[in-house]
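# This is a predicted model, with the sequence first.
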Amino acid sequence: MELQVKVLRKQQEAQDIASFELARAGGGPLPAFSAGSHIDVHVPGGLVRQYSLCNDVGESHRYRIAVLRDAKTRGGSAGMHDAVKEGDLLTISEPRNHFPLVHAKRTVLLAGGIGVTPLLCMAQRLATTGADFTLHYCARSRERTAFHDEIQASPFAAKVQFHFDDGAPSQVLNLPAALGTHDPDTHLYVCGPAGFITHVTQVAQGMGWTPQQIHVEFFTAEAQDTSADKAFDVKIASSGEVVRVAADQTVVQALGAHGVEVLTSCEQGVCGTCITRVLEGECDHRDLYFTDEEKARHDQFTPCCSRAKSAVLVLDL
């Protein structure tokens, strides 16, 4: 379900980061959400992008998102920063949550840059419930740290540690120390650049953390090596039509050229918008959405970036 919202406030939170406070255009409460939720935002120019909600889950009068202006933007972040202003109306989706907070004896939150947005919401929720948690917030510099003063003034400020790349050696993140003594009742949540997430999860796994205890959310995917990509076919189950996917094409692009449209958003295998059922064949999964167990079933994939290991994929289209 889509909602019309009004931009009540646009504020510069840090260098290249702006926050947007959204309220229902016609007034009244917005749909409830849980910590870790995101919304789809229809950005001026026809793009749709996903942004995490970073306000308290107890608030029904507003949603707040924060957007980093990406130097490699494909139009989404630039559109939000340059084209959206206070008073504008935007179309958004109802909140969805692929990064839910689960009950645990202890919770460790690790944020890299703009990855703080869903973790800030989690910290607010954990503080409200009196849970045992810590938040480690890593950023390139103080000037690039969104919500710094807000966090410092919050009731959970003592549970937060900031780590700046340009700061003193004494405040550099000591990851093993941040993770602490491993036990099965502790859960880890990581959000930020792909390289940051990979590093944190590898260290955690090396310390004995299980996949069930480690929860991650990617905003962007790392660049893929496509030099060895080969052409393959996809077959549309409903019509029997076979479409050739060239080595330098995505499945979405190949289908689109034959008049078969697949709804996409992030185009990086992060958001899950384009998920398509696979009836036959073996997928070459390149997404950051599915778990390893889900990928092993080869019954669905993200055609915006994933490919085929088999000669043909039969798609439920």
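Looks like it came in fine. Numbers count the residues shown, from 1 in each chain.

# hang on, Glu267 packs against Cys304?
Yes: counting by C-beta atoms under 8 Å, Cys304 is a contact partner of Glu267 at 4.7 Å. Heads up, the C-betas are built off the backbone N, CA and C, glycines and all.

# And those two? Which one has more around it.
Counting neighbours by other C-beta atoms under 10 Å for Glu267 and for Cys304 shows that Cys304 has the greater number, 26 against 18.

# Can you pull out the low-pLDDT segments for the chain?
Across the chain, the ranges flagged by pLDDT under 70 are 72-75, 220-223.

# shared neighbours of Glu267 and Cys304, anything?
250, 252 (C-beta atoms under 8 Å, 6 or more residues apart in numbering).

# roughly how far apart are the closest residue to Gly269 other than its chain neighbours and Asp299?
Leaving aside its chain neighbours, Gly269 sits nearest to Asp287 (2.9 Å; criterion: C-beta to C-beta, 6 or more residues apart in numbering). To Asp299, Asp287 is 14 Å away according to C-beta to C-beta, to the nearest Å.

# between those two, who's got more neighbours?
Asp287 (24 against 13).

# is it true that the more buried one lies in a strand?
No: counting by DSSP: H, G, I helix; E, B strand; the rest coil, Asp287 is not found in a strand; it is coil.

# Who are the contact partners of it?
Contacts of Asp287 (C-beta under 8 Å, 6+ apart): 221, 269-270, 301-302, 305-306.

# if you look at those residues, which of them are in helices?
Counted as lying in helices by DSSP state H, out of the contacts of Asp287, is not a single one.

# With neighbour count as added columns, please give these in TSV.
Formatted as TSV, those follow (neighbours: other C-beta atoms under 10 Å):
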residue	neighbour count
Ala221	17
Gly269	23
Val270	22
Phe301	29
Thr302	29
Cys305	25
Ser306	23
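
# Return the subset of the residues you listed lying in strands.
Cross-referencing the contacts of Asp287 against strands under DSSP state E gives Phe301.

# Distance to Pro100 for the contacts of Asp287 - can I get that in JSON lines?
Putting the contacts of Asp287 into JSON lines (distance: C-beta to C-beta, whole Å) gives the following:
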{"residue": "Ala221", "distance to Pro100": "21"}
{"residue": "Gly269", "distance to Pro100": "20"}
{"residue": "Val270", "distance to Pro100": "17"}
{"residue": "Phe301", "distance to Pro100": "23"}
{"residue": "Thr302", "distance to Pro100": "20"}
{"residue": "Cys305", "distance to Pro100": "24"}
{"residue": "Ser306", "distance to Pro100": "24"}
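
# Closest to Ile151 out of the contacts of Asp287?
Val270 (25.6 Å; C-beta to C-beta).

# Give me the distance between the closest one and Cys304.
For Val270, the distance to Cys304 - C-beta to C-beta - is 9 Å.

# Next, the distance between the ends of stretch 270-279.
22 Å (C-alpha to C-alpha, to the nearest Å).

# so Arg125 is in which element?
Assessed by DSSP states H and E, Arg125 sits inside helix 116-129.

# Over to the nearest residue to Ser19 once chain neighbours are set aside. Which of the three states is it?
In this structure, Ser19 finds its nearest non-sequential neighbour in Ala66, 4.5 Å apart by C-beta to C-beta, 6+ apart. Of the three states, Ala66 takes strand according to three-state DSSP.

# Wait, Ala231 touches Ala247, no?
Yes: Ala231 lies in contact with Ala247 (C-beta under 8 Å); the separation is 5.2 Å.

# now the helices: where do they sit in the stretch 201-317 of the chain?
In the stretch 201-317 of the chain, helices defined by DSSP state H, counting those that start in this stretch lie at 251-257, 292-297, listed in chain order.

# I am finished for the moment; much appreciated.
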